[in-house]
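Novice: turn this into a model:
(chains A and B)
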2 protein chains.
Amino acid sequence: TRETYERDGAAIYRQSFSIIRAEADLARFSGWEEKAAVRIIHACGMVEVAPDIAFSQGAAEAGRAALVAGRPILCDAKMVANGVTRTRLPAGNEVICTLDDPRVPELAARMGTTRSAAAMELWREHIAGSLVVIGNAPTALFRLLEMFDDGMPLPAAVIGMPVGFVGAAESKEALIADGRVPSLVVRGRKGGSAMAAATVNALASEKE
Amino acid sequence: TRETYERDGAAIYRQSFSIIRAEADLARFSGWEEKAAVRIIHACGMVEVAPDIAFSQGAAEAGRAALVAGRPILCDAKMVANGVTRTRLPAGNEVICTLDDPRVPELAARMGTTRSAAAMELWREHIAGSLVVIGNAPTALFRLLEMFDDGMPLPAAVIGMPVGFVGAAESKEALIADGRVPSLVVRGRKGGSAMAAATVNALASEKE
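Specialist: Got it, this is the predicted structure:
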């Protein structure tokens, strides 16, 4: 209630995670997968999202290893980049979002695609072994698969969680079906920058 | 599918809004309320959130008027501030998030509360007639009500959409029950920076 609300940030986290573990069925997740699932649920306030969480075999561990190895985190949206808690990162990892690069609008016009998809052209020098995080644009996730087809070096893992009504569900199914790179997905229309950043934050630290 | 996905950003918005209007029951919303409801649903990919959307009488119009009048937008989290599309704002409105102010950690320790709640102490000079946007921390929303009790000048409207398991639902019900300021809320555990920013973006421009 208004008078007695919990004001201790650490206690709020503890209580939240405890409620999530009591209410959600997380039995199929182990280790880093379970930590990621808990934080994804925490980010959206919905234990009912648990069945939609799909991690490919070893994907959580691959994402974790990339972070420990100091690889960069490539984000499709500034909200994703801002959601990554810098103090949790194990190696001062660089968090890169190229959406505001001045070359992007012209690239997007030339490529006939969204700015989100065009911005990824500027990822090429950073992507090998990185952790890619798509939390907003289905076009970015579709474009990523095309760039793999074109022979771009592969990231260590892809967090694929675009949200919405046009292409989101389809782009995530395409990522899973592609299978070239370990993937961490929330299937269907649900997703977004908060869930995507929460996945990074979960893999970033042993600390809950 | 992977080969034929929609690449035109404007067409993606149009199709998304069309799907939302076909699937969601928005009959109880009118004018700016309807625009806000559509963008809230767009932000989370869930037409099923429609029944949880609660706007107090005139709140959407009050938020719209504050933006047109050039009042600032006060955000509890950087993800909220980053989600506000600057080019939609009708008067180059200032978007303020004080969470990273160097005074905040000490304030939070002294006040015995979260950084999010403490950061609002630095809103006092900006808040009269502003649009307040709480998209992350229930403690911030509870604290806002305490600051109203203490005689702080009132904002024009409050977008109250903290997310989560501890205090989120309760803080939003407290805002509605308080009633001193027009409120735009998503009831229950659901909410977050994307929905909160989407509400601002809806009220910011006639343009869909």
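
Novice: give me the mean pLDDT for stretch A:96-105.
Specialist: Averaging pLDDT along stretch A:96-105 yields 96.

Novice: in that stretch, what counts as buried?
Specialist: By neighbour count with 16 or more other C-beta atoms under 10 Å in any protein chain shown, stretch A:96-105 contains the buried residues A:96, A:97, A:98, A:99, A:104. From N, CA and C alone the C-beta is placed, and that goes for glycine too.

Novice: wait, does it contact chain B?
Specialist: No - applying C-beta under 8 Å from any C-beta of the partner chain, one finds stretch A:96-105 separated from chain B by no less than 9.9 Å.

Novice: which helix or strand contains residue A:152?
Specialist: Assessed by DSSP states H and E, residue A:152 sits outside every helix and strand.

Novice: so it sits against residue A:121, correct?
Specialist: No - using C-beta atoms under 8 Å, residue A:152 is not in contact with residue A:121; the gap is 9.8 Å.

Novice: ranges for the strands of chain A?
Specialist: Secondary structure of chain A (DSSP state E): strands at A:53-55, A:73-75, A:95-96, A:131-134, A:157-160, A:183-186.

Novice: buried ones in the lengthiest helix in chain A?
Specialist: Scanning chain A for the helix with the most residues, using DSSP state H, yields helix A:9-23. By 16+ other C-beta under 10 Å, the buried positions in helix A:9-23 come out as A:9, A:12, A:15, A:16, A:17, A:19, A:20.

Novice: elements contacting that helix?
Specialist: The helices and strands touching helix A:9-23, judged by 3 or more C-beta pairs under 8 Å, 6 or more residues apart in numbering or on different chains; DSSP states H and E, are helix A:32-44, helix B:138-149.

Novice: list of residues touching that helix?
Specialist: Applying C-beta atoms under 8 Å, 6 or more residues apart in numbering or on different chains, the external contacts of helix A:9-23 come out as A:6, A:38, A:41-42, A:47, A:208, B:114-115, B:138-139, B:164-167.

Novice: if we use 7 Å, what do you get?
Specialist: With contacts defined as C-beta atoms under 7 Å, 6 or more residues apart in numbering or on different chains, helix A:9-23 is touched by A:6, A:38, A:41, A:42, A:47, A:208, B:114, B:164, B:165, B:166.

Novice: what is the burial count for the closest residue in space to the fifth one that isn't next to it in sequence?
Specialist: Excluding its sequence neighbours, the residue lying closest to residue A:47 (C-beta to C-beta, 6 or more residues apart in numbering or on different chains) is residue A:24, at 4.0 Å. Counted with other C-beta atoms under 10 Å in any protein chain shown, the neighbours of residue A:24 add up to 19.

Novice: let me see the confidence value for residue A:24.
Specialist: Taking residue A:24 on its own, its pLDDT is 98.

Novice: who in chain A is up against chain B?
Specialist: A:1-2, A:5-7, A:9, A:12, A:15-16, A:19-20, A:42, A:44-46, A:78-79, A:82-83, A:112-114, A:138-139, A:142, A:145, A:163-168, A:170, A:174, A:189-194 (C-beta under 7 Å from any C-beta of the partner chain).

Novice: let me know the closest of the buried residues of stretch A:96-105 to residue A:67.
Specialist: Distance to residue A:67 across the buried residues of stretch A:96-105 (C-beta to C-beta) is lowest for residue A:96, with 13.7 Å.

Novice: correct me if wrong: the closest one contacts residue A:74.
Specialist: Yes - the pair residue A:96 and residue A:74 passes the contact test of C-beta atoms under 7 Å, sitting 5.2 Å apart.

Novice: which residues do the two both contact?
Specialist: residue A:126.

Novice: that older thread, make a markdown table from the buried residues of helix A:9-23 and add pLDDT and distance to residue B:203 to it.
Specialist: Shown next, in a markdown table, are the buried residues of helix A:9-23 (pLDDT from 0 to 100; distance: C-beta to C-beta, whole Å):
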| residue | pLDDT | distance to residue B:203 |
| --- | --- | --- |
| A:9 | 91 | 30 |
| A:12 | 95 | 30 |
| A:15 | 97 | 33 |
| A:16 | 97 | 30 |
| A:17 | 98 | 34 |
| A:19 | 98 | 33 |
| A:20 | 98 | 32 |
